[in-house]
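**Q** Okay, sequence plus prediction incoming.
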Amino acid sequence: DAKTTQPPSMDCAEGRAANLPCNHSTISGNEYVYWYRQIHSQGPQYIIHGLKNNETNEMASLIITEDRKSSTLILPHATLRDTAVYYCIVRAEKLVFGKGTKLTVNP
Amino acid sequence: DAGVTQSPTHLIKTRGQQVTLRCSPKSGHDTVSWYQQALGQGPQFIFQYYEEEERQRGNFPDRFSGHQFPNYSSELNVNALLLGDSALYLCASSLTIFGADTQYFGPGTRLTVL
């Protein structure tokens, strides 16, 4: 079973920041937080991952709370192409996908 | 640098038949994982291959089997197909190192069982 809780859907205006929350209250000390996204019927695309510290790459930023029980994925300037299902995954050895958050970026 | 590739793109089979799906990992990767994604659901882990051995397995029956070749490519075989096996089958590759090994997914094979 997925060890994360995400809102089923969110909307964001184009050009604004999209902040996607994820709760993972049962996370263990050696488990990473991974984010993937999936655009309709395509393979999931890796976005970012982290263990304790906040992380940033060319796609997004990942903010992990100090107690590691929740995290937020930030897309700084959302575009229409960012419309997708976003999966937050707590991972030890294998990826266990939940239902994710359907993010819709509106013009 | 080619990413993960899968073949075929689409496949139609009838109940009771057998199917083989193929995956070539990203260059430099040595581990292949397979996932099944039913319509409207998140991907479900089937199994993972490393050094030509099945390293982990999800909750799938023995009808699902696999193989990894010396060049790290992999096959997923499904016997005695059921209607419920209709799904998008995803392959992901990674490099096994200590700690988190990031998995990169291919485009998937859409299997339809009639």
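**A** That came through fine. Numbering: from 1, shown residues only, chains lettered A, B, ... in the order given.
**Q** Please tell me how far A:Glu93 sits from chain B.
**A** 6 Å (Cβ to the nearest Cβ, to the nearest Å). Placement of C-beta: from N, CA and C, glycine included.
**Q** likewise A:Leu103?
**A** Counting by Cβ to the nearest Cβ - A:Leu103 and chain B are separated by 15 Å.
**Q** just A:Ser41 next, same as before
**A** 7 Å.
**Q** Local confidence estimate at that residue?
**A** With respect to pLDDT, A:Ser41 scores 81.
**Q** these two touch, right, it and B:Thr109?
**A** No - using Cβ atoms under 8 Å, A:Ser41 is not in contact with B:Thr109, being 11.6 Å away.
**Q** what sits in contact with each of these two?
**A** Common contacts of A:Ser41 and B:Thr109 (Cβ atoms under 8 Å, 6 or more residues apart in numbering or on different chains): B:Leu88.
**Q** Who has more neighbours out of these two?
**A** Set A:Ser41 next to B:Thr109 and count neighbours by other Cβ atoms under 10 Å in any protein chain shown: B:Thr109 wins out with 21 against 11.
**Q** contacting residues around the more buried one?
**A** B:Gln6, B:Ser7, B:Pro8, B:Thr9, B:His10, B:Leu11, B:Leu21, B:Leu88, B:Tyr89.
**Q** Tell me the one of these nearest chain A?
**A** B:Leu88 (6.8 Å; Cβ to the nearest Cβ).
**Q** you'd agree that closest one is up against B:Gln37?
**A** Yes - between B:Leu88 and B:Gln37 there is a contact at 4.4 Å, judged by Cβ under 8 Å.
**Q** Please enumerate the shared neighbours of those two.
**A** The contact lists of B:Leu88 and B:Gln37 share B:Gly108, where a contact means Cβ under 8 Å, 6+ apart.
**Q** Near the nearest residue to A:Ser61 once chain neighbours are set aside, how many other residues are there?
**A** Sequence neighbours aside, A:Ile74 is the residue nearest to A:Ser61 in space, at 4.4 Å (criterion: Cβ to Cβ, 6 or more residues apart in numbering or on different chains). Using other Cβ under 10 Å, the number of residues around A:Ile74 comes to 16.
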